[in-house]
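Colleague: With the sequence up front, the predicted model follows.
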Amino acid sequence: MTESPKECEKTVTPDVKLDVQNPSQPNFDEDRLREYCGVFGVFDLDDAAAITALGLHALQHRGQEAAGIVSYDNGRFHGERRLGLVGDHFSKESAIKRLPGSAAVGHVRYATTGETAIRNVQPLFAELNSGGFAVAHNGNLTNAQTLRRELIKEGAIFQSTSDTEVILHLVARSRKPQFLDRFIEALRSIEGAYSLVALTNKKLIGARDPLGIRPLVIGELNGKFILASETCALDMIGARFVRDVMNGEIVIISEKGLESINPFPPQPMRPCIFEYIYFARPDSLVHGRPVYQIRKAMGAELARERRIFADVVVPVPDSGVPAALGYSQESGIPFELGIIRNHYVGRTFIQPSQSVREVGVRMKHSANRCVVEGKRVVLIDDSIVRGTTSVKIVQMMRDAGAKEVHFLISSPPITHPDYYGIDTPQKEKLLAATHSLEEMRTYIGSDSLAFLSVDGIYRSMGYEKRDALRPQFTDHCFTGDYPTALTDLSGENRAQLSLLAEAS
Ligand code: AMP
């Protein structure tokens with residue numbers, strides 16, 4: 001892989017000194033717990049890196065901290081991995097020129113840690129005895145620490161703190177003669193959520209975990225296949241959506257076309273419901289369902305569950321907009337933009353510490369006084385995590401003269417942490433995990449507070465209710481029903497993780 005270390009270092013923020021003994025210092029391992037990401041891959045298309053950069057730009061909402069592309073050309077892999085937004089680096093002709101070839105994989109990443117190291121920016125790359133192998137991962141493995149410790153005991157040397165690197169080591173150590181069998185063997189050892197795109201000198205490979213927790217889709221452009229986290233990335237490059245990669249499916253794209261294998265015992269799919277609530281871009285289709293329509297349906301369902309007598313429905317932009325529209329249409333209360341969002345700041349969570357996050361909320365939203373003054377306001381957001389946004393926004397409505405503020409949330413209370421790559425924090429920091437509904441209302445300062453019910457979410461998705469025996473989605477954030485083993489959270493591992501949690 002040709003990669004100039006000098007170039008990479010240029011973009012690294014000043015190095016944070018690492019002190020594992022002192023929990024007040026950012027910890028080397030801290031960021032492995034919290035990642036959410038977007039992935040993209042093309043094969044046999046001219047200007048593969050430029051197409052990948054465009055695809056990643058459309059997936060920017062899935063990770064704004066770092067971006068990387070690895071391309072393959074004529075016997076050589078080329079890689080560029082940078083901190084910052086896709087456009088900051090990959091819009092430059094010079095960067096794309098350093099990524100020649102007709103095959104490429106790319107990644108956008110977000111991790112909420114103090115330390116953001118270039119070594120964790122994906123795609124990760126390794127020279128295996130079968131040749132070069134680049135991999136980009138969306139999701140989070142729930143046994144990565146356990147595997148990592150075992151591998152280290154056996155002599156493996158890790159270059160990053162990313163759980164994805166475990167996959168590289170497992171592939172490298174497999175004794176199977178064929179590359180694909182080695183890859184499958186590696187996947188059989190890992191637990192948790194993964195949507196992967198991988199590149200070898202002959203193939204682009206996509207793989208999705210046996211439950212299909214994180215999304216991955218197949219597109220087609222000029223007769224060639226593309227892989228992406230979301231369909232909005234296909235739209236960006238004018239590609240046609242072909243289908244989702246299914247749970248437990250591996251797709252192999254090569255000169256022969258697209259081949260599909262299913263190496264895992266079949267089981268029902270359980271995609272993460274939070275993609276519909278918050279993560280995916282509203283113009284994406286997730287499992288064929290338009291995210292925008294689903295969010296509107298959640299708002300309409302909320303209006304049926306909780307009717308408020310009010311003058312205006314105001315969304316918390318941008319994430320509350322479709323649900324507020326749905327609420328307004330169902331209730332007949334006019335929809336108004338009572339909060340204006342400044343688009344030149346990132347998502348609230350991008351700020352790593354609570355104090356900075358709080359300032360971030362004020363930087364991001366302003367009240368539109370002419371809409372709310374003297375009015376009874378139904379304020380709608382998609383979710384409450386720590387409550388930081390809610391407190392500020394409700395106060396902002398009151399400061400702008402709102403007579404009443406009714407805060408409605410188009411998803412159920414988040415009572416359980418996520419371990420599959422969507423960055424909800426430890427239980428103690430989740431407002432709904434530690435407060436009753438009335439305590440939350442008092443804390444937030446609204447006149448009333450209500451959440452969409454768990455069955456209400458399922459109704460918005462076209463089901464009668466949540467199937468308690470075989471839930472249609474992964475909804476652990478609301479129910480505590482984790483769909484996979486949480487190996488890293490058991491015994492010795494739990495002790496280590498809680499140490500890391502203290503450091504964050
Ligand atoms: P909080 O202020 O901590 O309660 O966060 C709630 C806000 O963050 C809502 O406006 C959500 O749209 C947004 N949000 C919800 N989940 C996440 C997440 N996992 N990462 C980033 N933002 C989120």
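Modeller: It's in.

Colleague: pLDDT of stretch 478-489, averaged?
Modeller: Averaged across stretch 478-489, the pLDDT comes to 94.

Colleague: ugh, wrong one, stretch 65-85
Modeller: 96.

Colleague: same check, this time on stretch 269-278
Modeller: 97.

Colleague: what's the first-to-last distance across it?
Modeller: For stretch 269-278, the first-to-last residue distance is 20 Å (Cα to Cα, to the nearest Å).

Colleague: Please enumerate residues in contact with that stretch?
Modeller: 193, 211-215, 246-247, 279, 286-287, 289, 291, 294-295, 298, 319, 382-383, 410-411, 418, 420, 422, 457, 461, 471-475, 477-478, 483 (Cβ atoms under 8 Å, 6 or more residues apart in numbering). (Each C-beta comes from the backbone N, C-alpha and C, glycine too.)

Colleague: redo that, cut-off 7 Å
Modeller: The contact list for stretch 269-278, computed with Cβ atoms under 7 Å, 6 or more residues apart in numbering, reads 211-215, 247, 286-287, 291, 294, 319, 382-383, 411, 420, 422, 457, 471, 473-475, 477, 483.

Colleague: Go back to the residues you listed and keep what's next to the ligand.
Modeller: 319, 382-383, 422 (Cβ under 6 Å from any ligand atom).

Colleague: In strands, which of those fall?
Modeller: Residues of these located in strands (DSSP state E): none.

Colleague: mind saving the C-alpha coords of the one helix or strand Ala186 maps to as CSV?
Modeller: Under the criterion of DSSP states H and E, Ala186 resides in helix 179-189. Taking Å, rounded to 0.1, in the frame of the first residue of the first chain, the C-alpha atoms of helix 179-189 are listed here in CSV:
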residue,chain,number,x,y,z
PHE,A,179,-9.1,-16.6,1.0
LEU,A,180,-12.9,-16.7,1.2
ASP,A,181,-12.9,-19.6,3.6
ARG,A,182,-10.5,-17.7,5.8
PHE,A,183,-12.7,-14.7,5.7
ILE,A,184,-15.7,-16.8,6.6
GLU,A,185,-13.8,-18.5,9.4
ALA,A,186,-13.0,-15.0,10.8
LEU,A,187,-16.6,-14.0,10.6
ARG,A,188,-17.7,-17.1,12.5
SER,A,189,-15.5,-16.1,15.5
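
Colleague: Give me the helices and strands touching that helix, please.
Modeller: helix 164-173 (3 or more Cβ pairs under 7 Å, 6 or more residues apart in numbering; DSSP states H and E).

Colleague: any residues touching the helix ranked longest in the chain, and which ones?
Modeller: Ranked by residue count, the top helix of the chain under DSSP state H comes out as helix 291-305. Helix 291-305 has contacts (Cβ under 7 Å, 6+ apart) with 276, 280-284, 322-327, 329-331, 380, 408, 410-411, 452-453, 456-457, 459-461.

Colleague: a markdown table for the ones next to the ligand among the contacts of stretch 269-278, including pLDDT and neighbour count?
Modeller: Output for those, formatted as a markdown table (pLDDT from 0 to 100; neighbours: other Cβ atoms under 10 Å):
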| residue | pLDDT | neighbour count |
| --- | --- | --- |
| Ser319 | 92 | 23 |
| Asp382 | 98 | 25 |
| Ser383 | 97 | 24 |
| Ile422 | 81 | 22 |
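
Colleague: Need the residues you listed in TSV (columns: distance to Arg182).
Modeller: Shown next, in TSV, are these (distance: Cβ to Cβ, whole Å):
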residue	distance to Arg182
Ser319	41
Asp382	41
Ser383	40
Ile422	30
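
Colleague: what's the nearest residue to Phe264 if we skip its chain neighbours?
Modeller: Gly248 (3.9 Å; Cβ to Cβ, 6 or more residues apart in numbering).

Colleague: ok, now Asp46?
Modeller: In space, Asp46 is closest to Ser102, 5.9 Å off (Cβ to Cβ, 6+ apart).

Colleague: Pull the number of nearby residues for that neighbour.
Modeller: When counting by other Cβ atoms under 10 Å, one arrives at 18 neighbours for Ser102.

Colleague: I'd say Tyr482 and Asp475 touch.
Modeller: No - if you go by Cβ atoms under 7 Å, Tyr482 and Asp475 don't touch, sitting 10.1 Å apart.

Colleague: Compare neighbour counts for the two and give me the winner.
Modeller: Neighbour totals were compared for Tyr482 and Asp475, and Asp475 leads with 23 against 18 (other Cβ under 10 Å).

Colleague: and that one, what does it touch?
Modeller: 273, 454, 481.

Colleague: next one: Leu221
Modeller: Leu221 touches 45, 237-239, counting by Cβ under 7 Å, 6+ apart.

Colleague: Which parts of the stretch 1-150 of the chain are helices?
Modeller: Along the stretch 1-150 of the chain, the stretches classed as helices by DSSP state H, counting those that start in this stretch are 5-11, 48-58, 86-90, 93-97, 144-153.

Colleague: Now render those helices as a markdown table, adding distance to Lys202.
Modeller: What follows is the helices of the stretch 1-150 of the chain, written out as a markdown table (distance: least, Cβ to Cβ, whole Å):
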| stretch | distance to Lys202 |
| --- | --- |
| helix 5-11 | 27 |
| helix 48-58 | 14 |
| helix 86-90 | 25 |
| helix 93-97 | 23 |
| helix 144-153 | 27 |
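
Colleague: what about Ser490, neighbour count?
Modeller: Neighbour number of Ser490 under other Cβ under 10 Å is 12.

Colleague: Correction: the previous question concerned Asp311.
Modeller: If we define neighbours as other Cβ under 10 Å, then Asp311 has 18 of them.

Colleague: was I right about it contacting Arg376?
Modeller: Yes - the pair Asp311 / Arg376 is scored as a contact, 4.9 Å apart, by Cβ under 7 Å.

Colleague: Run through the stretch 401-504 of the chain and note the low-pLDDT ranges.
Modeller: Across the stretch 401-504 of the chain, the ranges flagged by pLDDT under 70 are 423, 425, 491-504.

Colleague: try the chain
Modeller: 1-35, 111-116, 345-362, 423, 425, 491-504.

Colleague: mind checking how far the closest residue to Leu211 other than its chain neighbours is from the ligand?
Modeller: Counting by Cβ to Cβ, 6+ apart, Leu211 lies nearest to Arg270, which is 4.4 Å off, once chain neighbours are set aside. From Arg270 across to the ligand, the span is 18 Å (Cβ to the nearest ligand atom, to the nearest Å).

Colleague: Check Ala432 too.
Modeller: 9 Å.

Colleague: what about that residue, which SS state?
Modeller: Classification of Ala432 using DSSP: H, G, I helix; E, B strand; the rest coil returns helix.

Colleague: wait, it sits on His416?
Modeller: No - Ala432 lies out of contact with His416 (Cβ under 7 Å); the separation is 9.3 Å.

Colleague: Which of those two has more residues huddled nearby?
Modeller: Ala432 (24 against 19).
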